[in-house]
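Undergrad: Have a look at this prediction, sequence included:
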Amino acid sequence: MALKLFLEPTLDNPVMIASWPGIGNIGLVATDTVRAQIDAVKMGEIEPWDFFYPKKIVIRDGVLESLEFPTSTFYYKNLPNHGVVAFIGEEQPTDGIRPFAEGRKAYQMANMVVDVAQKFGCRRLYASGAAVSLSHHSLKPRVWVATSSEALNKEMTAHDNTILMGRTDGRTDGGSITGLNGLVLGVAKARGLEAVCLMGEIPDYLATAPLPHPRASRSVVELLSEILGIQVDYSQLDEMATKIDDVIGNIYSKLPADIRERVEHRKSVRRATERITEEEERWMKEHIDELFKQGEKPDERAS
């Protein structure tokens, strides 16, 4: 396994933003949006051979040309106030059983990402993912925050539209962040970096649907734009959200009446400041999983 750096720029007071696929691809879309908006330049990659199987064979003019693997790419940009290193992983290395990475390969990849953060002097690492909550798709998604210190908690929750994870979630375990979007934060903290996770809110009844949730990604980008001091054009995210809204409406119309009744109540009594309780999580999961098993899935082409 190897880390390949094509460029080694000098960065001013840099931070890192890192993300892999997750529920609704909320963090991945947010990180890639920021990368595109600041016009970040590709500077390196983690070679895939020890982490992934090929995802397809490339054929040109009828000739087998190469194997194509998921990419794990680093980008950089010097902004007026500080530098940014962005990492985007197309896939999480898995054992084929669980959807999110864990174990040796995940730990190795997380350490390689933090290696780059430290090499370029990043003082803080932001990761991003999803927060499954008792929200409603018509409400503006909030950003759940988990950090490596109380001081960072205060800093992050001083921004609008943020909720501190674990304070009012009604769970006995305090919550968790699965896969590399969580693991990289633990590695960063253990190695002396400030660590922040920004989780866009997704309603519990959409968490198993195979489509992105661009409205939640937009909320994360809005927060990152404040933190980084950048201007963002949201037109692409808004266009994507408009398309996905039709798919969500179709899913929602097919939910059983008793589920819709519970969900509609959330619009008048916003319980989105509470993460889903264990009891309600089980109840909703049983009913919604049954719905998807019956083939009532959204059109995946919409994503």
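TA: Yep, that arrived. The structure presented is a predicted model; accordingly, all values stated were derived computationally and were not measured.

Undergrad: Going along the chain, name the helices of the stretch 201-303 of the chain.
TA: Using DSSP state H, counting those that start in this stretch, the helices found in the stretch 201-303 of the chain span residues 214-228, 235-253, 257-268, 278-293.

Undergrad: Can you add mean neighbour count, mean pLDDT and distance to residue 18 and give the ones you listed back as JSON lines?
TA: The way it works is simple: take the backbone N, C-alpha and C, and place the C-beta from them, glycine included. Below are these laid out as JSON lines (neighbours: other CB atoms under 10 Å; pLDDT from 0 to 100; distance: least, CB to CB, whole Å):
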{"stretch": "helix 214-228", "mean neighbour count": "23", "mean pLDDT": "97", "distance to residue 18": "12"}
{"stretch": "helix 235-253", "mean neighbour count": "15", "mean pLDDT": "92", "distance to residue 18": "20"}
{"stretch": "helix 257-268", "mean neighbour count": "13", "mean pLDDT": "81", "distance to residue 18": "32"}
{"stretch": "helix 278-293", "mean neighbour count": "14", "mean pLDDT": "59", "distance to residue 18": "27"}
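
Undergrad: Which of those helices sits closest to residue 32?
TA: For the helices of the stretch 201-303 of the chain, proximity to residue 32 was assessed by CB to CB; helix 214-228 is nearest, at 9.0 Å.

Undergrad: which outside residues touch that closest one?
TA: If you take CB atoms under 8 Å, 6 or more residues apart in numbering as the criterion, helix 214-228 is touched by 15, 17, 24-27, 29-30, 33-34, 38, 79, 81-82, 84, 126, 128, 130, 137, 140-143, 159, 161-162, 198-202, 230-232, 234, 237-238, 240-241, 244.

Undergrad: try 6 Å this time
TA: Here helix 214-228 makes contact (CB atoms under 6 Å, 6 or more residues apart in numbering) with 26, 29-30, 33-34, 128, 141, 143, 159, 198, 200-202, 232, 237, 240-241, 244.

Undergrad: Show the buried residues in these.
TA: Buried members of the contacts of helix 214-228, counted by 16 or more other CB atoms under 10 Å: 26, 29-30, 33-34, 128, 141, 143, 198, 200-202, 232, 237, 240-241, 244.

Undergrad: how about the strands in this protein?
TA: Counting by DSSP state E, the chain has strands at residues 3-5, 15-19, 41-46, 56-60, 63-68, 72-78, 83-89, 124-133, 143-147, 162-164, 194-203.

Undergrad: any low-confidence regions in the stretch 1-150 of the chain?
TA: 1, 95-102 (pLDDT under 70).

Undergrad: Include distance to residue 149 when you put the helices of the stretch 201-303 of the chain into CSV, please.
TA: Shown next, in CSV, are those (distance: least, CB to CB, whole Å):
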stretch, distance to residue 149
helix 214-228, 16
helix 235-253, 30
helix 257-268, 32
helix 278-293, 28
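
Undergrad: quick one: which of those helices is nearest residue 154?
TA: Among those, the nearest to residue 154 by CB to CB is helix 214-228 (14.1 Å).

Undergrad: Show me how far that closest one is from its chain's centre.
TA: Relative to its parent chain, helix 214-228 has a centroid offset of 11 Å by CA atoms, centre = their mean, to the nearest Å.

Undergrad: Rebuild the strands of the chain as JSON lines, extending it with distance to residue 105.
TA: Listed next are the strands of the chain as JSON lines, based on distance: least, CB to CB, whole Å:
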{"stretch": "strand 3-5", "distance to residue 105": "15"}
{"stretch": "strand 15-19", "distance to residue 105": "16"}
{"stretch": "strand 41-46", "distance to residue 105": "11"}
{"stretch": "strand 56-60", "distance to residue 105": "21"}
{"stretch": "strand 63-68", "distance to residue 105": "19"}
{"stretch": "strand 72-78", "distance to residue 105": "12"}
{"stretch": "strand 83-89", "distance to residue 105": "12"}
{"stretch": "strand 124-133", "distance to residue 105": "18"}
{"stretch": "strand 143-147", "distance to residue 105": "24"}
{"stretch": "strand 162-164", "distance to residue 105": "31"}
{"stretch": "strand 194-203", "distance to residue 105": "21"}
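
Undergrad: Could you say which one of those comes nearest to residue 108?
TA: strand 41-46 (9.4 Å).

Undergrad: Pairing partners for the closest one, with directions?
TA: Its sheet considered, strand 41-46 pairs with strand 3-5 (antiparallel), strand 72-78 (antiparallel) by DSSP bridges.

Undergrad: which of these is buried the deepest?
TA: Stretch with highest mean neighbour count among the strands paired with strand 41-46: strand 72-78 (a mean of 22; mean count of other CB atoms under 10 Å).

Undergrad: what's next to it, contact-wise?
TA: Strand 72-78 has contacts (CB under 6 Å, 6+ apart) with 9, 12, 35, 38, 40-46, 84-89, 116.
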